[in-house]
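A.B. asks: okay, here's the prediction I keep looking at, along with the sequence it came from:
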Amino acid sequence: MDTTDFDLIVLGAGPVGENVADRAVQGGLTAVIVESELVGGECSYWACMPSKALLRPVQALRAARQVRGAAEAVTGELDVPAVLARRDYFANDWSDAGQVGWLDSAGISLVRGHGRISGPKEVTVTAADGTVTVLTARHAVAVATGSDAMIPGIEGLREARPWTSREATSSKTVPESLAIIGGGVVATEMATAYAAFGAAVTLIARGGLLTSMEPFAGELVAQALREQGATVLLNTETARVSRTGNGVVITIADGSTIEAEEVLVATGRSPRTRDLGLETIGLTPGAWLEADDTLRVPGLDWLYAVGDVNGRALLTHQGKYQARAAGDVIAARVKGAPVSDAPWGVHAATADHQAVPQVTFTEPEVASVGLTAAAAREAGYEIRVVDYEIGNVSGAGLRADDYRGSARMVVDERRKVVLGVTFVGPDVGDLLHAATVAVVAEVPLDRLWHAVPSYPTVTEIWLRLLEAYGRPDGSPR
Ligand SMILES: Cc1cc2nc3c(=O)[nH]c(=O)nc-3n(C[C@H](O)[C@H](O)[C@H](O)COP(=O)(O)OP(=O)(O)OC[C@H]3O[C@@H](n4cnc5c(N)ncnc54)[C@H](O)[C@@H]3O)c2cc1C
Ligand SMILES: NC(=O)c1ccc[n+]([C@@H]2O[C@H](COP(=O)([O-])OP(=O)(O)OC[C@H]3O[C@@H](n4cnc5c(N)ncnc54)[C@H](O)[C@@H]3O)[C@@H](O)[C@H]2O)c1
C-alpha cells in the first residue's frame, strides 16, 4: 500500500477535473487527479465530441442543399461509414494517451483507479488490478466525477438493455430502427443524427421537446424531425419495454406498441456519487453534491464539488467555468490571498444562476442563454418579450434559401437590459456569444443600439430585435 500527500486531490479527470487541477497547479499547488476510466471524461469519448462529430456532416450536407447552385452539386447521400470513422477520430479511438500527455506537461500527477473518500481529506484508490493507494490532501479534495445516464423505473426497461448516450455516441453501426425515450437535448440531437443516417427513428416524449427552453424551440425541432422522416410522439408516456429475439417492443400508455431494433433512453442524468465514500463524511451517496458559488460543499471547508456532479449546469463549458473559479479559490485560500467570492467575482460561478449558454445541435439548431420568458416571469421580473423571424434578415436569406428560424429577446423592463435570448435556425449557435455578453454584462438597451451588426450577416437579427422593441426614448424606429 502506497501513501502519498498532495495539496489537492481531484476525483475524476473529465474536462472539469482537469481544469480544477490545472488552475491549482498554476496557482502554485501540487495536485493529483484520480481517474477510473479515460482521462478526458464523458465529454471527450461518449458525449460532446463524438455527438457533435456525428452531427456536423448532417449539418454540412443540409447547408449545401439549402443554397441553390451548391445544391445541384450534391448528388449523393451521407457516407455513413465515413461519418462514423470521422467520429472515431474525434473520440481519439477511445484512447486517452494524448490527454495523459497533457496532464504530464501541466505538472498534474495521475493515479488510475476508482477513488473513494475514506475520511476527511483522504481518498483511497483501488486500481483495476486491486492495488490500493491512499492519498492524503494537505488542503482540499475536489469531486468532479460527473454524471451518468439516468434509467427511469419504466417496467422492463433496464432488463431490455437499452442504449444510453454512450452507445448512441459510440456505436459502430446504425440500427435499422431506433426508438428514443425522452424529449431533451440528447433525445433530439440523436434523433437528428440517426434519422439522417437512415434509421427509422421514433421519438417518444412524455411532454413536449426541449421543454426547458422557449416553446417555439421544441415546436420547430419537432416539425423539422418529422420532415426528416422521424416519428415524433409528444405527450406520450412509455409504460413497458421488453427485448425480443430481434429487437425491442415498447408499449405506450394507450396500449399500442412500437417495435425497433434498439431503444435509446435519454431521460436525464444521475450524479456519479453512489460509490464515492460520501457516507464516511456524513453526506448521502447517490445525491447531487451541493456546492456554494465558490464550489465548496457547505459545512466541509476542504471539500469542493465541481461540474456535472453538483447539478448546477450540466454542460462542459459551464463546468470548466466552475473549475477555473474552484482551482483559483483553492489556491487563494491555501495562500491566505484575498478571496473574491461576491457575485461576479473571479472566485464565484455567478453565471450558473442566470446566464448559462447552450447550443443544441439539432436541425435547426437551438441557441439560448439566460432566462426564458416563463422563467423570468416566475422569478418576478417585469418583462417585455420581442420576437422576430430570422428569415427576414438579409444575411439569413443569403445563408440559406427559405431560411426558417425565430428569435426571442426577453427584456427586464425596469432596468432595460436583456435577461435572455433564444435563437432557433440553421447555424444559430455562432450567434450566441453576443447574447451571452449582453446578458452577463447587463448592457443597457440604449447602448446596445451602438453595437452595430455587420451587413449582410445573420447577426443583423440584433438590429431587428432592437427595432422591434423600439428606441429607448420612444422615438420612431
Ligand atoms: C450525449 C451527450 C452530449 C453532450 N454534448 C454536450 C455539448 O455539446 N456541449 C456541452 O457543453 N456539454 C455537453 N454534454 C454535457 C457534458 O458531457 C458534461 O457536462 C461534461 O462531460 C461534464 O464534465 P465533468 O468533468 O463534470 O464530468 P465527466 O465528463 O463525466 O467526467 C467525470 C470523470 O470522472 C471519472 N470518475 C467518476 N467517478 C470516479 C471515481 N470514483 N474515481 C475516479 N474517477 C471517477 C469518470 O470516469 C470521468 O472520466 C453532453 C452530454 C451528453 C450525455
Ligand atoms: N448540446 C448540448 O449542450 C448537450 C447535448 C446533450 C446533452 N447535454 C447535457 O446533458 C444533459 C442530459 O441530457 P438529457 O437529454 O438526457 O436530459 P434533459 O434533461 O435535457 O432531458 C430529459 C428528458 O427526459 C424526459 N424524462 C425524464 N424522466 C422521464 C421518465 N421517467 N420517463 C420519460 N421521460 C422522462 C424529460 O421530460 C426530458 O424530455 C443535459 O442536461 C444537457 O445539459 C448537452
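C.D. replies: Happy to help now that I have it. Ligands and ions are numbered 1, 2, ... in the order given.

A.B. asks: any regions of this structure where pLDDT drops low?
C.D. replies: Residues of the chain that meet the criterion pLDDT under 70 lie in 1-3, 476-477.

A.B. asks: distance of the nearest residue to residue 371 once chain neighbours are set aside relative to residue 465?
C.D. replies: Spatially, and ignoring its direct neighbours in sequence, residue 371 is nearest to residue 420 (4.1 Å; Cβ to Cβ, 6 or more residues apart in numbering). For the C-beta atoms, the positions are set from N, CA and C on the backbone; glycine is no exception. As judged by Cβ to Cβ, to the nearest Å, residue 420 and residue 465 stand 12 Å apart.

A.B. asks: now do the shared contacts for the two.
C.D. replies: Where contact means Cβ atoms under 8 Å, 6 or more residues apart in numbering, the residues bridging residue 420 and residue 465 through contact with each are residue 409.

A.B. asks: so which of those two has more stuff around it?
C.D. replies: It is residue 420, of residue 420 and residue 465, that has more neighbours when counted by other Cβ atoms under 10 Å, with 27 against 23.

A.B. asks: can I take it that the residue nearest to residue 371 is in a strand?
C.D. replies: Yes: the assignment for residue 420 (DSSP: H, G, I helix; E, B strand; the rest coil) places it in a strand.

A.B. asks: so residue 298: helix, strand or coil?
C.D. replies: Residue 298 ends up coil, using three-state DSSP.

A.B. asks: next, the contact list for it, please.
C.D. replies: 290, 291, 292.

A.B. asks: one more time with 7 Å, if that's ok
C.D. replies: If you count contacts by Cβ atoms under 7 Å, 6 or more residues apart in numbering, residue 298 has them with 290, 292.

A.B. asks: quick one on the thing from earlier: partner residues bridging the residue nearest to residue 371?
C.D. replies: In this structure, residue 420 bridges to residue 370, residue 410 when assessed by DSSP bridges.

A.B. asks: spit out the contact partners of the residue in the chain positioned nearest to ligand 2.
C.D. replies: Of the chain, the residue with the smallest distance to ligand 2, taken as Cβ to the nearest ligand atom, is residue 184 at 1.9 Å. Taking Cβ under 7 Å, 6+ apart as the criterion, residue 184 is in contact with 210, 266, 268.

A.B. asks: near ligand 1 at all, whatever helix or strand residue 191 lives in?
C.D. replies: Taking DSSP states H and E as the criterion, the element that holds residue 191 is helix 185-196. Yes: on the criterion Cβ under 6 Å from any ligand atom, helix 185-196 is in touch with ligand 1 at residue 186.

A.B. asks: again with stretch 28-45
C.D. replies: Yes: using Cβ under 6 Å from any ligand atom, we find that stretch 28-45 touches ligand 1 at 34, 35, 36, 37, 41, 42, 43.

A.B. asks: list the buried residues for that stretch?
C.D. replies: By neighbour count, with 16 or more other Cβ atoms under 10 Å as the criterion, the buried positions of stretch 28-45 are 29-45.

A.B. asks: for that stretch, measure first residue to last.
C.D. replies: When the termini of stretch 28-45 are compared using Cα to Cα, to the nearest Å, they are 30 Å apart.

A.B. asks: residues contacting the residue in the stretch 151-300 of the chain that ligand 1 sits nearest to?
C.D. replies: Per Cβ to the nearest ligand atom, residue 165 is where the stretch 151-300 of the chain lies closest to ligand 1, at 3.7 Å. Remark: with contacts taken as Cβ under 7 Å, 6+ apart, residue 165 is in contact with 46, 47, 149, 186, 266.

A.B. asks: at 8 Å instead, please
C.D. replies: For residue 165, the contact set (Cβ under 8 Å, 6+ apart) comprises 46, 47, 51, 149, 186, 190, 264, 266.

A.B. asks: list the buried residues for the helix or strand harbouring residue 241?
C.D. replies: Residue 241 belongs to strand 238-244 when elements are defined using DSSP H and E. Across strand 238-244, burial judged by 16+ other Cβ under 10 Å covers 238, 239, 240, 241, 243.

A.B. asks: and the residues you listed, which two are furthest apart?
C.D. replies: Pairwise distances across the buried residues of strand 238-244 peak at 15.6 Å for 239 and 243 (criterion: Cβ to Cβ).

A.B. asks: would you mind giving the domain segments of the protein?
C.D. replies: As assigned by automatic domain parsing, the chain contains the domains 2-45+91-148+271-345, 158-267, 364-469.

A.B. asks: can I get those in JSON lines including distance to residue 78?
C.D. replies: Listed next are the domains of the chain as JSON lines, based on distance: least, Cβ to Cβ, whole Å:
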{"stretch": "domain 2-45+91-148+271-345", "distance to residue 78": "19"}
{"stretch": "domain 158-267", "distance to residue 78": "6"}
{"stretch": "domain 364-469", "distance to residue 78": "17"}
